[in-house]
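**Student:** when you get a sec, could you give me coordinates for this:
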Amino acid sequence: YGLALAGGSRWAITGTDVFTAEIVTKFASAMQLKPSEELGQCLFVSSNGDSRVNTRLGDIVCTLKSGVENDPLFCHFLDISRMLAWGMQKRQGLLLHGALAELEGDGVIFTAPGGTGKTTASRRLPPPWISLSDDAVLVVRNDGEFWAHPWPTWSRFLEGKPGASWNVHESVPLKNIFLLVQAEQDQVERIGTGQAVTMLLESARQVLHFWEVQNLEKRRSLHLEQFENVCALVNKIPVHILSFSLHGVFWETVEQVLRV
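**Tutor:** Next up is the predicted model:
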């Protein structure tokens with residue numbers, strides 16, 4: 001299955017045996033991917049060996065954990081997704097824990113820890129707003145600019161839930177990032193670079209962590225990559241704290257910022 005991202009990155013995702021091929025087909029369905037003969041970086045999904053990134057070729061091997069008793073499909077999807085995001089991180093990509101919305105062709109990310117209300121907030125956006133994802137966003141570089149792709153909400157596959165699908169190929173130019181905080185009234189505040197880096201780094205680590213990497217030097221290198229990508233993003237994209245009420249019209253406050 002082929003995955004084409006803004007900036008020209010191309011991925012070929014394939015299972016190496018009957019079991020993993022079935023998992024990859026279901027994974028591709030969730031991301032609305034189609035079979036493709038186009039060559040690109042390869043993500044091999046295997047049922048034996050170790051997960052690894054070939055830094056010379058850029059290819060990735062994702063080994064699915066065996067013996068997963070609870071929600072195996074959800075766990076397999078999460079493993080493949082993380083390895084793919086890991087590969088994109090090496091190309092200055094960044095997976096964030098947040099909701100992606102579009103307004104008149106421009107992308108806006110609403111990020112917050114789980115339970116803050118970003119899913120509810122994204123569902124409340126009225127037309128002409130379009131909600132593209134409500135849990136995760138992949139940010140990529142494209143000719144010096146940042147573009148955002150919707151990313152699946154894998155928790156919708158937990159406990160036998162029917163799941164859903166997201167058009168991951170779709171992308172929008174990223175214009176603003178809003179850090180959500182529940183409050184009595186709607187208001188917005190631009191924050192400085194240091195605070196923005198700290199908060200977005202936490203958002204990134206909520207969806208892509210490296211605790212399972214045993215080699216400490218390798219783990220340190222991965223954290224540094226993530227940190228540098230967050231810094232590059234903050235230097236280009238404005239970051240605000242959006243205090244929002246559960247029943248207010250917070251999007252009007254956001255639209256005022258976008259107009260400025």
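**Student:** for residue 151, see how far away the closest residue to residue 111 other than its chain neighbours is.
**Tutor:** Once flanking residues are discounted, residue 111 sits nearest to residue 98: 3.3 Å by C-beta to C-beta, 6 or more residues apart in numbering. For every residue, glycine as well, the C-beta is placed using N, CA and C. Residue 98 sits 9 Å away from residue 151, going by C-beta to C-beta, to the nearest Å.
**Student:** who touches both of these two?
**Tutor:** Common neighbours of residue 98 and residue 151, counting by C-beta atoms under 8 Å, 6 or more residues apart in numbering, are 135-137.
**Student:** average pLDDT for the host helix or strand of the residue nearest to residue 111, rounded please.
**Tutor:** Taking DSSP states H and E as the criterion, residue 98 maps to strand 94-103. What strand 94-103 shows for mean pLDDT is 96.
**Student:** kindly report the same for stretch 167-176.
**Tutor:** 96.
**Student:** so which bits of that stretch are buried?
**Tutor:** Within stretch 167-176, the residues scored as buried using 16 or more other C-beta atoms under 10 Å are 168-172, 174-176.
**Student:** any chance of these in JSON lines, with secondary structure and distance to residue 110 too?
**Tutor:** Shown next, in JSON lines, are the buried residues of stretch 167-176 (DSSP: H, G, I helix; E, B strand; the rest coil; distance: C-beta to C-beta, whole Å):
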{"residue": "168", "secondary structure": "coil", "distance to residue 110": "18"}
{"residue": "169", "secondary structure": "coil", "distance to residue 110": "22"}
{"residue": "170", "secondary structure": "coil", "distance to residue 110": "17"}
{"residue": "171", "secondary structure": "coil", "distance to residue 110": "17"}
{"residue": "172", "secondary structure": "strand", "distance to residue 110": "14"}
{"residue": "174", "secondary structure": "strand", "distance to residue 110": "12"}
{"residue": "175", "secondary structure": "strand", "distance to residue 110": "13"}
{"residue": "176", "secondary structure": "strand", "distance to residue 110": "10"}
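**Student:** sorry, back to before: restricted to helices, list the shared contacts of residue 98 and residue 151.
**Tutor:** Using DSSP state H, no member of the shared contacts of residue 98 and residue 151 sits in helices.
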